[in-house]
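In: the following block contains a protein sequence and its predicted model.
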Number of protein chains: 2
Amino acid sequence: MSPSSPIVVLDSGLGGLTVVRALRAALPAEDILYFGDTARLPYGSKTASTVTSFVRQIIEHLRSYDPKHVVIACNTATALALAAVRPMFPDLPISGVIQPGAKAAVMAAGSKAVPVIGVIATEATVRSRAYERAICHRRHHARLLLRPTPLLVPLIEEGRREDDPLVRLALQQYLMPLIKNGLDVLVLGCTHYPILRSAICQVVGGGVPVIDSAEQCAQDVARRLRATGLARRQPDSDSVEQGTLQTFVTDDPARFKKLASRFLGVPIELPTWVSPDELYESRAPQARLLSVPA
Amino acid sequence: MSPSSPIVVLDSGLGGLTVVRALRAALPAEDILYFGDTARLPYGSKTASTVTSFVRQIIEHLRSYDPKHVVIACNTATALALAAVRPMFPDLPISGVIQPGAKAAVMAAGSKAVPVIGVIATEATVRSRAYERAICHRRHHARLLLRPTPLLVPLIEEGRREDDPLVRLALQQYLMPLIKNGLDVLVLGCTHYPILRSAICQVVGGGVPVIDSAEQCAQDVARRLRATGLARRQPDSDSVEQGTLQTFVTDDPARFKKLASRFLGVPIELPTWVSPDELYESRAPQARLLSVPA
């Protein structure tokens, strides 16, 4: 790998595009390969072994592009699979969205003796306790309120806007118990949620910082690449040429293209379709070797 | 296969258990194998080729049990995959949920010149136009109102009850446009929806028949088995011994067991876990044969 190698960003579907958007702002010259596992989404209600197997397949599939960094741009996949896939690819730097989000939450909590930090996320992310570990590692005296909010992704994927009465009611139901408990900071623990950011800010009130794990993740990747000398050197002129974005999906490319601009802010080219069968076949050579009789 | 062979019922997740419940009422002596593809659910936002590939794998996986009938207990999978998988398994009777639901809707519409028949279903089922074809084949002069209702499955899977304000508001939003257009009959075009049946009946009003595709599907299977002499002979006594129910899932068995009783009406044993890898490996022998050099 070299500074000219691409960054791989993977997610169960569309949400990780909010990370791509932040990455393109932070590192405009980088080429990005984005993989949305739309045939098997969502990951948020599934188990660690299932999600780890999906993430491993995707990384194996994209290794031939010689990426310099892999971003797991999905809170559920970070919570359930990051620690398990790192040793499977020892030469490949892999990072996620949870540590950067947790770090920013602790900083935002400031000097209060026992701050109340709320995290809204999928059922699987909450169950994994990954945010609890990441936050308490940095700040022992914090009160954590974790709230699974499983309807927010389907509400966003249905294309509902922030002023939709159903979106408003769901946010009220999910967030009021946190607010009543004296919320100081709120973490958006799912890369879909920035889409509803302003409605969420309205419900929690102006005094509560709302941490976007997608944004924090992009800043973290930029720091890592600069620290290892793998960031693309940017020309001295003001007009940096924007890096390329190539997308891959396991289900309907047309549907993905249609919905992507809401997450990315700009339209995309039609994604390349990768059949889930191909992901299993990436493993075929090893599997065959193992099954050769002694 | 023989009358003592089991019936296979497959679905993306839990919804098909409403078909199992109806089957166990209609054919209490039958043994049932239920497969819930929970690692890859939901099917309702995915494409025909993806869903067909999943359904084919599941049928291949359960063929070793020598089933006498396969029920695709999911409207999306029936709409997208039934016609494609039938020729792949020419000796195996396979039926779905759409034709029985369409037939019952036409009967319920009675003698009205141009009845208004509403269908609520997943995005993929609506897009497939399978209900339109099935209903118009039986009744040329009907006005069809098809409405994708993608939030109902997540609302049900989150465990929300019929009196939850969010469930009420979603049903109002989805059903009011149908009611304003003079709805005569409403088809529940997803096997999850019977869980919200009484709330749906309240919204559409007592005069509108609500057709449960799960119930109609079970009656259809009973007719088919009796017509081909494959139904289990029931003893003359009143106390029929209940057939067995064995369940298989591709993700967390404990979560499935916990949620299953709401759909089935009774608790189940812990399901057998089938890894998605195994489903791909069912195809391995043929794949190896094809890859042998000439």
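Out: Cool, the structure landed. Numbers count the residues shown, from 1 in each chain, chains lettered A, B, ... in the order given.
In: could I get the CA-only coordinates of the helix or strand where residue A:107 lies as PDB?
Out: Taking DSSP states H and E as the definition, residue A:107 sits inside helix A:98-109. Listed in PDB are the C-alpha atoms of helix A:98-109, where the atom choice follows Å, rounded to 0.1, in the frame of the first residue of the first chain:
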ATOM      1  CA  ILE A  98     -17.100   3.900  18.200                       C
ATOM      2  CA  GLN A  99     -13.800   5.000  19.700                       C
ATOM      3  CA  PRO A 100     -13.800   8.400  17.900                       C
ATOM      4  CA  GLY A 101     -17.500   9.000  19.000                       C
ATOM      5  CA  ALA A 102     -16.800   8.000  22.600                       C
ATOM      6  CA  LYS A 103     -13.700  10.300  22.700                       C
ATOM      7  CA  ALA A 104     -15.600  13.300  21.400                       C
ATOM      8  CA  ALA A 105     -18.500  12.600  23.900                       C
ATOM      9  CA  VAL A 106     -16.100  12.600  26.800                       C
ATOM     10  CA  MET A 107     -14.500  15.900  25.600                       C
ATOM     11  CA  ALA A 108     -17.900  17.400  25.200                       C
ATOM     12  CA  ALA A 109     -18.900  16.400  28.700                       C
END
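In: do whichever helix or strand comes after it and chain B come into contact?
Out: In the C-terminal direction, the helix or strand that comes right after helix A:98-109 (DSSP H and E) is strand A:116-121. No: using Cβ under 8 Å from any Cβ of the partner chain, strand A:116-121 never reaches chain B; the gap is at least 13.9 Å. Heads up, the C-betas are built off the backbone N, CA and C, glycines and all.
In: same check, this time on stretch A:81-95
Out: No: using Cβ under 8 Å from any Cβ, we find that stretch A:81-95 stays clear of chain B, coming within 13.7 Å at best.
In: from chain B, how far off is the closest residue to residue A:143 other than its chain neighbours?
Out: Excluding the flanking residues, the one nearest residue A:143 by Cβ to Cβ, 6 or more residues apart in numbering or on different chains is residue A:116, at 4.8 Å. In this structure, residue A:116 lies at 25 Å from chain B, with Cβ to the nearest Cβ, to the nearest Å as the measure.
In: right, and residue A:116 touches residue A:183 too?
Out: Yes: at 5.4 Å, residue A:116 and residue A:183 qualify as touching, with contact defined as Cβ atoms under 8 Å.
In: the helix holding residue A:107 relative to strand A:116-121, how many degrees between them?
Out: Here helix A:98-109 runs at 150 degrees with respect to strand A:116-121, directions being taken by axes from the mean of the first three to the mean of the last three Cα atoms, to 10 degrees.
In: what is helix A:98-109 packed up against?
Out: helix A:75-85, strand A:116-121, helix A:130-138, strand A:185-189, strand A:210-212, helix A:213-227 (3 or more Cβ pairs under 8 Å, 6 or more residues apart in numbering or on different chains; DSSP states H and E).
In: for that helix, list every residue counted as buried.
Out: Residues of helix A:98-109 classed as buried under the neighbour-count rule (16 or more other Cβ atoms under 10 Å in any protein chain shown) are A:98, A:99, A:100, A:101, A:102, A:103, A:104, A:105, A:106, A:108, A:109.
In: got the contact list for that helix?
Out: Judged by Cβ atoms under 8 Å, 6 or more residues apart in numbering or on different chains, the contacts made with helix A:98-109 from elsewhere in the structure are A:75, A:78-79, A:82, A:115, A:117, A:119, A:130-131, A:134-135, A:137-139, A:142, A:184-185, A:187-189, A:209, A:211-213, A:216-217, A:219-220.
In: report the buried members of those residues.
Out: Using 16+ other Cβ under 10 Å, the buried ones in those are A:75, A:78-79, A:82, A:115, A:117, A:119, A:130-131, A:134-135, A:139, A:142, A:184-185, A:187-189, A:209, A:211-213, A:216-217, A:219-220.
In: quick revisit: can you lay out the buried residues of helix A:98-109 as JSON lines showing pLDDT?
Out: Converted to JSON lines, the buried residues of helix A:98-109 look like this (pLDDT from 0 to 100):
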{"residue": "A:98", "pLDDT": "97"}
{"residue": "A:99", "pLDDT": "97"}
{"residue": "A:100", "pLDDT": "97"}
{"residue": "A:101", "pLDDT": "97"}
{"residue": "A:102", "pLDDT": "97"}
{"residue": "A:103", "pLDDT": "97"}
{"residue": "A:104", "pLDDT": "97"}
{"residue": "A:105", "pLDDT": "97"}
{"residue": "A:106", "pLDDT": "97"}
{"residue": "A:108", "pLDDT": "97"}
{"residue": "A:109", "pLDDT": "95"}
